[in-house]
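> Need the 3D shape of this:
(chains A, B and C)
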Amino acid sequence: MSAAKGKFRYISSDRRVLEDRRFVVGKGNFVADIVRPNMKHVAVVFSPHPAARIVNIDASEALKMAGVHYVLTGDELAAATQPMPNGMPTPEVKRYPLAVGQARYVGEWVVAVVADTRALAEDAAEKVKVEYEPLPFVVDGKEAFKKESPPVHPAHGSNILLDKTFVWGDVEGDFAASPRKLSFSQKWGRSSTVPIETFGVIAEWDAWREVLDVWASIQMPKYADQIATAMRLPMNAVRVHQDVDVGGSYGVKRGIKQTVLVCYLSKKLNVPVRLIEDRLDNMRGGDAHGPERNFDVELAFDDNGIIRSMKMDALDNVGAYAGRSPFQLGKPIGAIVGPYKIKSVQYRAMAVTSNKTVQEAVRAFGQSPTNYTIERALDEVAWALNLDRLEVRRRNFIQPHEFPYLIPSGTSYDSGNYPGLVDKVVKQVDLDALYAERDRLRAEGLLAGVGIASCLEPSGGNSAFEPLLNRQNKTTTWMDSCRIAVDALGTVTATMHTTSAGQGHETLVATVVGEALEIDPEKIRISRAHTLDVMPSNSPVGSRMAIMLGGAAFHAANKLKRKMMTIAAHDLGVPLEDLVWDEGTMTSKKNPEQKRTWNEVVLIAHRHFYRMPEDMEPGLTAQHVMQVPNGGKLPTDDDRIQMYPCFSFEFHVVLMSIDPDIGKPVFRRYMIGHDCGTVINPKIVHGMTIGGIAHGIGAALLEEFAYDDEGQLLTQSFMDYLLPSAHEVPKIETVHQVTPSPLTVFGQKGSGESGYLGAPAVISSAVNDALHPLGIKMNSLPLKITKLGDAIAEARAKAGKEMKQ
Amino acid sequence: MKPAAFDYIRAESAAHASALLVEDENGRIIAGGQTLVPMLAMRLARPSRLIDIARIPELSYIRDESETISIGATTRQVLVEKSALIAQKLPLLHKAIEWVGHPPTRARGTVGGSLANSDPAAEIALVAATLGATLRYVDETGENSIEVDDYFIGPMITTLPQTACLIGADFPKWGEPHVGTGFEEVNARSSDFAFVSAASQVAFDADGKCTRAVLGIGGLGDFPFRADVDAVKDRIENEAALREAIGLAIEDIEPLSDLHATGEYRRRVAVTLACRSLLNAVREAKGFAHAN
Amino acid sequence: MRTELNVNGQLHVLDVEPRKTLVDCLREDLRLVGAHTGCEHGVCGACTVIVDGTPVRSCLMFAVQAEGSEIITIEGVAPAPGELSILQDAFCETHGMQCGFCTPGMILAAHALLRDNLEPTREDIVEAISGNICRCTGYDQIVEAISLAARRMRGRNMPDGVPA
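You can find the predicted model right below:
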């Protein structure tokens, strides 16, 4: 079922976001705002070594302190809980909330202390004496991949968690037949989305009811399942409260280790226990870090710049434990050719452990580094042929008439008009004038460059990469649900089953339900069920909620509408097909005198059972569980898979300049063309887009979890890990296009990741264009000022010498 | 991230603060706290007692003295930023102050706190070094002073006696007819500490001759310092000469090298910024922007 | 340590440890949880409150230091329950937030700006909020909100001194 496209009542109109009212008055419900009676607080002792055997833990001094209740070690916790889930079939890479036997990175949590206040817990944590025996360690990903590198998990035998080569199409044949080839390497530095709220969780075990209540700043699929499994509890003993507002996540809020830790402590001590990571906990050992990826790419193309085949090696340094992070190499398979018609692809995905902090899911789940590399490939072809970079993209674009378009890795793209959006942006930005401005800046003595990058945003997230990378995993169901109830007095409540971290899901559901039922969205109450309400859900990951929660809300509303119309038809004695729905009033087409109002039908359903159709349940409640469109199949034997269903497209253009004596890149213009199909709420989409670009600016220019040779993390606080402030994000102009998806109820696609997908690519493109006259290229992110400054100085010195010779 | 426990006392005067430091050598003075509190929160500093001088009324002032502009130790940075007197009589500090943190930290941060903390890249410290300020303090022996050249000795290290309470800094006023200033800084974000920074002040006489030129460089070495450019004041508009003189002046400095900027970067960019700040100062002086 | 705090016009007498920051005191002792702790080392600005008329980091101040000062938190900004100030309403109008975590600090920083300057340029607004980090929005709709509020406040028909 699909809504009539085109005219909408509430969808796409510039409406306020329902959630905002509580936030502007400071009345959000963040986890740190929640207080439970007699609640205790946790602080952790962390490892100062990148790798060390834990020889002895002496907590006696700490336990003597007033107000200190417990000191927990990894051994005790591991004995009482299941290890945390492991995405890959690597059973010897075990992970517990506290280190067991061995610490594997600086900042790993080794001991947890429970006290009356966090300050007291920190006082006591200082008194815990841990004796370590340092072990050999490895921090660099490429080093870790080598056989001779010290294994982070000796029982696993090596640092390799994943090394799988996919070949889709006749790669060798296409390479042999192509007149031109090139190769390049580049690296995506270790950064992340770093929300301003750290992760926090409260657990409260009720021994009499046998219920474990959890309030957490979480954004993770299957959270309650994982808690129950780790705690060896029945799942119906775990109640996760999903009305907690999450202070930003963008993927990373996966605090299962923190949760298991406090759940165990609450059960053990029979008091509510809270752990709110402080910034140091978070940066060192929380769910903070993101992908760190080396790329080696070979391209086969012709003299016209048509890319025929690509070989991409991607090696990701996931840190000390596996978790889900190797899958961040898997999601990009569903858009491995970007918006381009590359016929064949070889993709080698490698994930290695190292003695660095664990990597978590980050906005776009690994797609942003890959997009940075695909776009670099297009630039490289243009440079090799001395062609215009945009022209090369145009020649390789999938054309509007070619959708649905099947890419070599087996994913079908739903819809798109890439050249159309590019034309709009080129016109709006006046690309010729932009190049003229670049040349003018160059004439002034600056380095200046125009950056161009496309990006494809796979959306409607599911877990298709899991069975692809781990054949033991057969999970393909990735649903989301919505339940709508009309109460006895006729007001509407819609229930969803997820936390939110600023994505505006309440607004989404209200808008969609309002659209379907033709009632004012502001009159709809939105409720967030706790997990004992048991609605199937997978949380907002992979740009999926507009599609999945929006779809579920739409279908649930239509079920409800159908029920109301069935009741009205029965009561009126007319066929269902004779009734039309107009803002909740159901009127006979044949005889418009014959009608039932919303309130009349509500009365029948709730109070006048004798007027109900036979076999119909009283009340007005409808639920819909939505499965990912096009999803649900296992991969083929030759490793082809339908990854995500819908594909938004964005096109970024920037002009940047660099003072060659300083090396600081400055934005002169930033424009993004954006097409995520039908927009449900323009304010939300705009914010997501610009906010994603800000994240991308951080990843491209400022942010890095940097380590020294001793394995020490150098960026543990916001003094060294630099987040863009309002000064660092330029005014961004936007151009819109709407190419609806044929797979979704309103034609909507996802929109949470596009800015982050394109910004690093376009900034890299601009910087390399700026450096072009010097004959150098930058091959890694972030493009820190000192790195640029030193490279420019070296190139100029070399050029100066050559001039003299 | 909670500080270790400490006692707290509000000092009634600078002498009282000093007496409290004499009484307990692990005590520590707090004024604006914008640098100290993060150190306390991370437990990098663990004083037994915080001695709060922020409310001592006589330590917050900006005064026009005969030879100097005198600024009290607990004068909030925002007052310097908004002071017409500073803008007019101490234009270099006026220029530098907007580089210090951002509005909320300038609202609390104090001039004396920045000087006492002595970060190698701090802007107020750089201006003090450039102009040759005199720092006044009170200790158990009474009121004393130190010349800035004898004050900074290392990163976050000064010669201020352990029992001393800084009470103010006197920045020399320049009486020449035409004074110009220049301030240049590179940082990753505009509110961050500088990788490297340069401050200049030059004076020209009525005949358009440069009579005095000073240059200070921050972020390069262990503390901000004045680089000698007096010898090139006759060629102050000659960029090549300036570059050479500056290069020589910083030749012996061992540059800081860290995550944010390599030593080579700092050394190279110091020359560029120093040169630019001087040329800007000259331009300003010749444009009579700050004619006395 | 006995401390008197004047918060949103109300005087509170408290017994607080000297090491307790103002933000922790507001949140834990007074249950005013609109000021948030993002970094606790003075960078993110989520804990911004107004002390004696200027926005400050309440994580960089101990509660005992705040005695004798007038403190305004986000809870003191709305004119009445269910009613928004012009600035708060403007943030809703432009959707100048997403997760809402930095929002109270942002609004207080903006509040201070608009008290002194009802015709702020984009640069003025950017400078005023540059000490408040937002990870969601990229700042565009925040700048827009402040600009909109300034426009509305310029146009409002109210005597001087009535708070926005």
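> you'd agree A:Val450 is in a strand?
Yes. The assignment for A:Val450 by DSSP: H, G, I helix; E, B strand; the rest coil puts it in a strand.
> Walking through chain C, point out its strands one by one.
Assigned by DSSP state E, the strands in chain C fall at C:2-7, C:10-15, C:48-51, C:54-57, C:70-72.
> Just put those strands in CSV and tack on mean pLDDT and distance to B:Glu176.
No exception for glycine: its C-beta is placed from N, CA and C like everyone else's. As requested, the strands of chain C are exported to CSV (pLDDT from 0 to 100; distance: least, C-beta to C-beta, whole Å):
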stretch, mean pLDDT, distance to B:Glu176
strand C:2-7, 98, 49
strand C:10-15, 98, 54
strand C:48-51, 97, 41
strand C:54-57, 95, 36
strand C:70-72, 98, 45
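> Tell me which of these sits nearest to A:Arg274.
Among the strands of chain C, the nearest to A:Arg274 by C-beta to C-beta is strand C:10-15 (21.8 Å).
> Pull the residues that contact stretch A:466-479.
A:87-89, A:162, A:164, A:221, A:326-327, A:329-330, A:333, A:349, A:461-464, A:536-538, A:548, A:625-628, A:631-635, A:639, A:641 (C-beta atoms under 8 Å, 6 or more residues apart in numbering or on different chains).
> how about 6 Å then?
Outside stretch A:466-479, the residues that touch it by C-beta atoms under 6 Å, 6 or more residues apart in numbering or on different chains are A:88-89, A:330, A:462-463, A:536, A:538, A:625-628, A:632, A:634-635, A:641.
> Please spell out which residues along that stretch are buried.
For stretch A:466-479, the buried set under the neighbour-count rule, 16 or more other C-beta atoms under 10 Å in any protein chain shown, comprises A:466-470, A:473, A:476, A:478-479.
> which two from these end up farthest apart in space?
Farthest apart among the buried residues of stretch A:466-479 by C-beta to C-beta are A:Leu469 and A:Met479. That separation is 21.4 Å.
> returning to what we had before: give me the buried subset of the contacts of stretch A:466-479.
With burial judged by 16+ other C-beta under 10 Å, the buried subset of the contacts of stretch A:466-479 is A:88, A:330, A:462-463, A:538, A:625-628, A:635, A:641.
> now, which of those lie within strands?
A:625-626.
> now the buried ones among the contacts of stretch A:466-479 as JSON lines including distance to B:Ala45?
Listed next are the buried ones among the contacts of stretch A:466-479 as JSON lines, based on distance: C-beta to C-beta, whole Å:
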{"residue": "A:Met88", "distance to B:Ala45": "44"}
{"residue": "A:Gly330", "distance to B:Ala45": "46"}
{"residue": "A:Asn462", "distance to B:Ala45": "50"}
{"residue": "A:Ser463", "distance to B:Ala45": "48"}
{"residue": "A:Asn538", "distance to B:Ala45": "46"}
{"residue": "A:Val625", "distance to B:Ala45": "56"}
{"residue": "A:Met626", "distance to B:Ala45": "55"}
{"residue": "A:Gln627", "distance to B:Ala45": "56"}
{"residue": "A:Val628", "distance to B:Ala45": "53"}
{"residue": "A:Pro635", "distance to B:Ala45": "56"}
{"residue": "A:Ile641", "distance to B:Ala45": "55"}
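> Pick out whichever of the buried ones among the contacts of stretch A:466-479 sits closest to A:Leu722.
A:Gly330 (30.1 Å).
> Test my guess that A:Gln328 contacts A:Phe365.
Yes. Proximity of A:Gln328 to A:Phe365 meets the contact threshold set by C-beta atoms under 6 Å, at 5.3 Å.
> neighbour-wise, which of those two wins?
Set A:Gln328 next to A:Phe365 and count neighbours by other C-beta atoms under 10 Å in any protein chain shown: A:Gln328 wins out with 30 against 26.
> and A:Val509, backbone torsions?
When read as degrees, to the nearest 10, the backbone of A:Val509 gives phi -60, psi -40.
> And for A:Val358?
According to degrees, to the nearest 10, A:Val358 has phi -60, psi 140.
> same deal with the one 10 residues further on?
Torsion angles at A:Ser368 (phi, psi; degrees, to the nearest 10) stand at phi -70, psi -50.
> Who are the contact partners of it?
Contacts of A:Ser368 (C-beta under 6 Å, 6+ apart): A:756-757.
> Return the distance of it relative to A:Ser543.
Separation of A:Ser368 from A:Ser543 (C-beta to C-beta, to the nearest Å): 12 Å.
> With B:Leu135 instead?
Counting by C-beta to C-beta, the gap from B:Leu135 to A:Ser543 is 57 Å.
> so which helix or strand takes in the residue nearest the centre of chain B?
What sits nearest the mean C-alpha location of chain B, by C-alpha atoms, centre = their mean, is B:Ala125, with 1.6 Å. For B:Ala125, the host element (DSSP states H and E) is helix B:123-131.
> Pull the residues that contact that helix.
Counting by C-beta under 6 Å, 6+ apart, B:92-93, B:96, B:99-100, B:111, B:114-115, B:118, B:148, B:169, B:171-172, B:197, B:199, B:214, B:216, B:218, B:224-226 sit against helix B:123-131.
> Which residues of chain C lie near chain B?
C:18-19, C:40-42, C:54-57, C:60, C:64, C:130-131 (C-beta under 6 Å from any C-beta of the partner chain).
> which stretches of the chain have low pLDDT?
Looking at chain A here, since you left the chain open. Judged by pLDDT under 70, chain A has its weakly predicted residues at A:1-6, A:804-805.
> should've been chain C
C:157-164.
> In it, what residue comes closest to chain A?
C:Gly34 (2.1 Å; C-beta to the nearest C-beta).
> hang on, isn't that residue packed against C:Gly76?
No. Look at C:Gly34 against C:Gly76 with C-beta under 6 Å: they stay out of range, at 9.2 Å.
> Comparing the two, which residue is more hemmed in?
C:Gly34 (26 against 18).
> Let me see the contact set for the more buried one.
So C:Gly34 contacts A:26, C:73-75, C:104 (C-beta under 6 Å, 6+ apart).
> Chain neighbours aside, what residue packs nearest to it?
Nearest residue to C:Gly34, sequence neighbours excluded (C-beta to C-beta, 6 or more residues apart in numbering or on different chains): A:Gly26, at 2.1 Å.
> and that neighbour, what does it touch?
C:34, C:74-75, C:104.
> residues near C:Ile129, how many?
Neighbour tally, C:Ile129, other C-beta under 10 Å: 30.
> what sits against it?
Taking C-beta under 6 Å, 6+ apart, we find C:Ile129 in contact with A:726, C:106, C:109.
> Do me a favour and get the end-to-end distance for stretch A:321-338?
When the termini of stretch A:321-338 are compared using C-alpha to C-alpha, to the nearest Å, they are 30 Å apart.
> An error on my part: the question was meant for stretch B:44-51.
18 Å.
> Now it: buried residues?
Buried residues in stretch B:44-51 (16+ other C-beta under 10 Å): B:45, B:47, B:49-51.
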